[in-house]
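**Q** Any chance you could fold what I've pasted below:
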Amino acid sequence: MLKKFLKPTKLPASADWAVLILRVGMSLMMLRHGYAKLSGFLGGDHSFADPIGLGEELSLILTVFAEFGCSILLILGLVSRAALLPLIFTMLVVLLVVHSGDTFDDKEHALTFLIVYVTLLLTGPGRFSVDSSLFR
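**A** Modelled structure (predicted):
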């Protein structure tokens, strides 16, 4: 079952290019957010929001893992669908908890990432990925 979940879906060639651009492009944008949080954490700043009651430091570590670590995995196309799950969860928390009372303009950024991540979860990483090489 895990192998079936991780195995890339066979797509037409044009869709493989589109998925590559979407996967790498959005991951590079998210990587920027994760890197800023990682730099702060490594610099000793462990203050962070605690939106779901896990504690500030653990919330920060999990967010850095998703935004930085999972973005790198997604750029490579390595265990892509598994890497998308923490990213989707993080964007859901940002959208539904952190910005719950905010205007749509404040939610739009998280919603854009969420839409792309769910799309990539459904399509898989495409032919131009490490996953594709691993599951031949």
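
**Q** Which strands or helices does the worst-scoring helix or strand of the chain on mean pLDDT pack on?
**A** The weakest-scoring helix or strand in the chain, judged by mean pLDDT, DSSP states H and E, is helix 2-6 (a mean of 77). Applying 3 or more Cβ pairs under 8 Å, 6 or more residues apart in numbering; DSSP states H and E, one finds that helix 2-6 contacts helix 80-93. Quick note: C-beta positions are derived from backbone N, CA and C, even for glycine.

**Q** so after the helix it packs on, what's the next helix or strand?
**A** Where DSSP states H and E defines the elements, the next helix or strand beyond helix 80-93 is helix 104-123.

**Q** who's in contact with the least confident helix or strand of the chain?
**A** With Cβ atoms under 8 Å, 6 or more residues apart in numbering as the test, helix 2-6 has contacts from 79, 80, 81, 82, 131, 135.

**Q** What subset of those residues is buried?
**A** 79, 80, 81, 131 (16 or more other Cβ atoms under 10 Å).

**Q** residues touching the spatially most central residue of the chain, list them.
**A** Geometric centre of the chain, nearest residue: residue 87, 3.2 Å, by Cα atoms, centre = their mean. Residue 87 sits next to 30, 66, 67, 70, 71, 74, 113, 117 when contact means Cβ under 8 Å, 6+ apart.

**Q** Just the buried residues of stretch 15-26, please?
**A** Buried, per 16+ other Cβ under 10 Å, within stretch 15-26: 16, 19, 20, 22, 23, 24, 26.

**Q** Great, nothing more from me.
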